[in-house]
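*Asks:* Sharing a model that was predicted from the sequence below.
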Amino acid sequence: MTLHHNMTHWAERVDMAAAFRWTVKLNLHEAVANHFSLATNAEGTRFLINPNGRHFARITASSLVEIDANDPDTMNRPDAPDPTAWGLHGSIHRALPHARCVMHVHSMHATVLASLADSYLPPIDQNSAMFFGRQVVDDHYGGMAFGDEGARCAEMLRDPKITTMIMGNHGVLIIGRTVAETFNRLTYFERAAETYIRALQTGQPLRVLSDAVAEKTAQEWENYPGFADFHLREIKALLDEEGATYAM
């Protein structure tokens, strides 16, 4: 049930909170780590992010913190975000206006993929084709994502075609224009990574799509009408049926 709030960006806050709650149901979260952020101004420099040290299962729309990537005093605020969230998400929102929504997790299959010597996800099925030509692999993990590491990662995402960074030795980072688009992409990436890893486990040769068919399929995903929005709408409806408190 959505209570009336006079907070700004309420619909976006509700979408974000629903995405955090559903991430728990899919078991893609990790302790009180990992962060989702969403730009709130045209320049992309102001953004909503989950509060420091809060479990994804307890995120509500009103608990999200709004911060400014260009405010040097951000980490002195009483509600300062996690320092790695500031380093990674702050760097991306500061540098890349097109990265409206940024979701980073250490989900199991994405992280297994990120642990392979070759972390590229090949187009072996319809789902993995979504990421064909739209992924970048970070081969230079340098420790936790404080300022310098965050800025280095942001630089690798400059091409607006890139939606997905497979963070070697770390996890995955997804960017998109809306919460719905980004979260849909995140769930599909985890599913595609699982399919690929299970296919590798058979020891059999892979049936890899041609570049032409993979690119055609990726474009078909991008142009599939309403798909991501329907997905998030249904997630919110399911949460509402349970009486979840995300929209508070």
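*Replies:* Structure received.
*Asks:* which regions of this structure sit below the pLDDT cut-off?
*Replies:* 1-5 (pLDDT under 70).
*Asks:* mind listing the helices for it?
*Replies:* 10-25, 83-95, 108-115, 126-129, 147-155, 179-201, 211-222, 227-242 (DSSP state H).
*Asks:* Need these in TSV (columns: mean neighbour count and distance to Asn34).
*Replies:* The way it works is simple: take the backbone N, C-alpha and C, and place the C-beta from them, glycine included. TSV is the format used below for the helices of the chain (neighbours: other C-beta atoms under 10 Å; distance: least, C-beta to C-beta, whole Å):
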stretch	mean neighbour count	distance to Asn34
helix 10-25	22	8
helix 83-95	23	9
helix 108-115	20	11
helix 126-129	21	22
helix 147-155	18	14
helix 179-201	21	11
helix 211-222	15	25
helix 227-242	15	18
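*Asks:* Tell me which residue lies farthest from the centre of this structure.
*Replies:* Gln204 (31.3 Å; C-alpha atoms, centre = their mean).
*Asks:* Return the distance of it relative to Leu116.
*Replies:* Using C-beta to C-beta, to the nearest Å, Gln204 is found at 17 Å from Leu116.
*Asks:* Stretch 55-62 spans what distance, first to last residue?
*Replies:* 15 Å (C-alpha to C-alpha, to the nearest Å).
*Asks:* Verify the stated contact: Thr245 with Ser62.
*Replies:* No: between Thr245 and Ser62 no contact is recorded; they are 10.4 Å apart, counting by C-beta atoms under 8 Å.
*Asks:* partner residues bridging the residue nearest the centre of the chain?
*Replies:* Residue closest to the mean C-alpha point of the chain, counted by C-alpha atoms, centre = their mean, is Met103 at 2.0 Å. Per DSSP bridges, the residues bridged to Met103 are Phe36, Ile174.
*Asks:* Contacts only, for it.
*Replies:* 19, 36-37, 173-176, 182-183, 186 (C-beta atoms under 8 Å, 6 or more residues apart in numbering).
*Asks:* Would you tell me which one of those residues comes nearest to His109?
*Replies:* Set against His109, the nearest of these by C-beta to C-beta is Leu186 (11.8 Å).
*Asks:* who does Ile67 bridge with?
*Replies:* Once the bridges are assigned, which here means DSSP bridges, Ile67 pairs with Phe47.
*Asks:* Which residues does stretch 116-126 contact?
*Replies:* For stretch 116-126, using C-beta under 8 Å, 6+ apart, the contacting residues are 113, 128-129, 131-132, 135, 137, 139, 166, 168, 189, 192-193, 195-196, 199, 206-209, 213-214, 217.
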